[in-house]
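In: Kindly generate the corresponding structure for this input.
(one chain, ligands or ions: 1)
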Amino acid sequence: MRLLEEILDFNEQFVEEKKYEKYTTTKLPNKKMVLLTCMDTRLVELLPKALNVKNGDVKLVKNAGALVTHPFGSIMRSLLVAVYQLQAEEVLIIGHHDCGMSGMKPDGIMESMRKRGKSEAALDTITYSGVDVKEWLRGFENVEESVAHSVKMVKKHPLMPDDIPVHGLVIHPSTGKLDLVVNGYEN
Ligand SMILES: [Zn+2]
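Out: Okay, the predicted model is just below:
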């Protein structure tokens, strides 16, 4: 059985046996916060457990590296929607040690693209359309600095209410230990 079939198969039983019942909640976060973190596989279950976050507690946004890179990209939009439409009153940005985006070199990922058949012409076209692909694919050097930068992007965003605390943390991907980088109550 392939992956999708396996999922659909499992899902049929899940619904049939009403296993969803214990997850019943609303779309509004009980803990009134929105959390941005990394898509890392090690954090899928560990992060909610380590923060005592349960279904219904938070709005959860994920991407590669827990990065806010564009002030009008979809991550920033999600945070604003959480605050204005979904009653989030605090923002938590949680990066992690040993992140795949840490030290990521654009040259490496572009080489993989070429190997998978993406042509030099395609890369050129993007470049000549005014997109700095290398910059776009660049990771970060230091996770604390990266988290602090994302916190600043959100805190200083012209559309973010001034009174929303924006916290920055780094989580350890095997122990779940949190280190505080920015205490949003003090900024
Ligand atoms: Zn990561």
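In: what comes up buried for the helix or strand encompassing Lys62?
Out: Assessed by DSSP states H and E, Lys62 sits inside strand 58-63. Residues of strand 58-63 classed as buried: Val58, Lys59, Leu60, Val61, Lys62, Asn63 (neighbour count, 16 or more other C-beta atoms under 10 Å). Placement of C-beta: from N, CA and C, glycine included.
In: what's that strand in contact with?
Out: By C-beta atoms under 8 Å, 6 or more residues apart in numbering, the residues outside strand 58-63 that reach it are 29, 31, 33-39, 75, 78-79, 82, 86, 88.
In: strand partners of it, parallel vs antiparallel please.
Out: Looking at strand 58-63 with DSSP bridges, its partner strands are strand 33-38 (parallel).
In: before we move on, the earlier item: would the strand holding Lys62 count as contacting the ion?
Out: No - against the ion, strand 58-63 shows no contacts by C-beta under 5 Å from the ion, the least distance being 9.2 Å.
In: Which SSE is immediately downstream of that strand?
Out: helix 74-85.
In: Which element is encountered next along the chain beyond that following helix?
Out: Next element after helix 74-85 (DSSP H and E): strand 90-96.
In: downstream neighbour of that following strand in the secondary structure list?
Out: helix 106-115.
In: got the buried residues for that following helix?
Out: For helix 106-115, by 16+ other C-beta under 10 Å, it's Met110.
In: Spatially central residue for the protein, please.
Out: By C-alpha atoms, centre = their mean, the mean C-alpha position of the chain lies nearest to Lys62, the distance being 2.4 Å.
In: sorry, back to before: please export the C-alpha coordinates of the strand holding Lys62 as CSV.
Out: Taking C-alpha atoms only, strand 58-63 is exported to CSV below (Å, rounded to 0.1, in the frame of the first residue of the first chain):
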residue,chain,number,x,y,z
VAL,A,58,-3.3,27.7,20.3
LYS,A,59,-3.2,28.8,16.6
LEU,A,60,-0.2,27.0,15.1
VAL,A,61,1.8,28.3,12.2
LYS,A,62,4.7,26.4,10.8
ASN,A,63,7.4,26.8,8.1
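In: got the angle between it and helix 74-85?
Out: For strand 58-63 against helix 74-85, the angle by axes from the mean of the first three to the mean of the last three C-alpha atoms, to 10 degrees is 170 degrees.
In: and strand 58-63 with strand 90-96, angle?
Out: Going by the same axes, to 10 degrees, strand 58-63 makes 40 degrees with strand 90-96.
In: How many neighbouring residues does Asp40 have?
Out: Other residues near Asp40 come to 21 when the count uses other C-beta atoms under 10 Å.
In: Phi and psi next, for it.
Out: With angles defined as degrees, to the nearest 10, Asp40 sits at phi -50, psi 140.
In: Check Thr25 too.
Out: phi -160, psi -170.
In: And the contacts of strand 58-63, which is closest to the ion?
Out: Cys38 (3.3 Å; C-beta to the ion).
In: burial measure for the closest one, as a count.
Out: With other C-beta under 10 Å as criterion, Cys38 counts 23.
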